[in-house]
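A.B. asks: Here you go, sequence then predicted model.
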Amino acid sequence: MSRIAKNPVIIPEGVDVVVSGQDVKVKGKLGELTLTLVEDVTAEVKEGVLTVQAANDTRFARNMWGTSRSLIANLVEGVTTGYNKRLILQGVGYRCALEGKTLVMQLGYSHEVRYPMPQGIDIKCEKPTELLITGCDKQQVGQVAAEIYNYRRPEPYKGKGFRYEGQRILRKEGKKK
């Protein structure tokens, strides 16, 4: 039995959750998100609490029971507080700036890298070397951060490139004479 799935999702004030068949719609102050549950899992809202149940006793249903509950909890948290990721850029001459809805980065290439901001994501350049990516969808915020991170991953000798806040880079020793 899943310990996570047994816990109900408490719906805070100002959040509307509508379950219609296999679709779960969550609406809050930061936006509206939807999730389609698999056939082996059912959701039900009663008195400000959402509970998730396995429809049958198959292994797949038990696996998806806890996963579905966690995804719904992420939707509720996303529309109330939102999610953010911070990227730090290190390297001489490396910088980024916003031009309207486009992130422009100079990463040591012969050209500047342009990244269009997706719908539902907000990117802020607090400093020329720091990016704050915010949004209400946890998966989308992580995906955008990963795409930007992959433009210039940190290299192991000098540590130049993007890094997540709090990420430690394993450094290598350079050549010896």
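C.D. replies: Looks like it came in fine.

A.B. asks: what about residue 119, how many neighbours?
C.D. replies: Residue 119 has 7 neighbouring residues, counting by other C-beta atoms under 10 Å. Heads up, the C-betas are built off the backbone N, CA and C, glycines and all.

A.B. asks: Could you tell me whether it really is in a helix?
C.D. replies: No - looking at residue 119 with DSSP: H, G, I helix; E, B strand; the rest coil, it is coil, so not inside a helix.

A.B. asks: what about it, distance to residue 8?
C.D. replies: Relative to residue 8, residue 119 is positioned 31 Å away (C-beta to C-beta, to the nearest Å).

A.B. asks: worst-scoring helix or strand of the chain, pLDDT-wise?
C.D. replies: helix 3-6 (a mean of 82; mean pLDDT, DSSP states H and E).

A.B. asks: List the buried residues for that one?
C.D. replies: By 16 or more other C-beta atoms under 10 Å, the buried positions in helix 3-6 come out as residue 5.

A.B. asks: now it, how far from the centre of its chain.
C.D. replies: Put simply, helix 3-6 sits 22 Å off its chain's centre (C-alpha atoms, centre = their mean, to the nearest Å).

A.B. asks: Using PDB, list the CA coordinates for it.
C.D. replies: What follows is helix 3-6, C-alpha atoms only, in PDB (Å, rounded to 0.1, in the frame of the first residue of the first chain):
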ATOM      1  CA  ARG A   3       1.700   5.700   2.200                       C
ATOM      2  CA  ILE A   4       1.700   8.900   0.100                       C
ATOM      3  CA  ALA A   5      -1.500   8.000  -1.700                       C
ATOM      4  CA  LYS A   6      -3.400   7.500   1.600                       C
END
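
A.B. asks: Check which element follows that helix along the chain.
C.D. replies: strand 9-10 (DSSP states H and E).

A.B. asks: For the helix or strand following that following strand, list every residue counted as buried.
C.D. replies: Counting by DSSP H and E, the next helix or strand C-terminal to strand 9-10 is strand 16-20. Applying a neighbour-count criterion of 16+ other C-beta under 10 Å, the buried positions in strand 16-20 are 17, 19.

A.B. asks: Could you spell out the sheet neighbours of strand 16-20, each with its direction?
C.D. replies: Looking at strand 16-20 with DSSP bridges, its partner strands are strand 23-28 (antiparallel).

A.B. asks: Put the alpha carbons of the helix or strand following the strand it pairs with into PDB.
C.D. replies: Later in the chain than strand 23-28, the nearest helix or strand by DSSP H and E is strand 31-36. C-alpha atoms of strand 31-36 as PDB (Å, rounded to 0.1, in the frame of the first residue of the first chain):
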ATOM      1  CA  GLY A  31      -3.500  30.300 -12.900                       C
ATOM      2  CA  GLU A  32      -5.400  27.200 -14.000                       C
ATOM      3  CA  LEU A  33      -3.900  23.700 -14.400                       C
ATOM      4  CA  THR A  34      -5.400  20.400 -15.600                       C
ATOM      5  CA  LEU A  35      -4.500  16.800 -15.200                       C
ATOM      6  CA  THR A  36      -5.900  13.700 -16.900                       C
END
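
A.B. asks: Lovely, talk soon.
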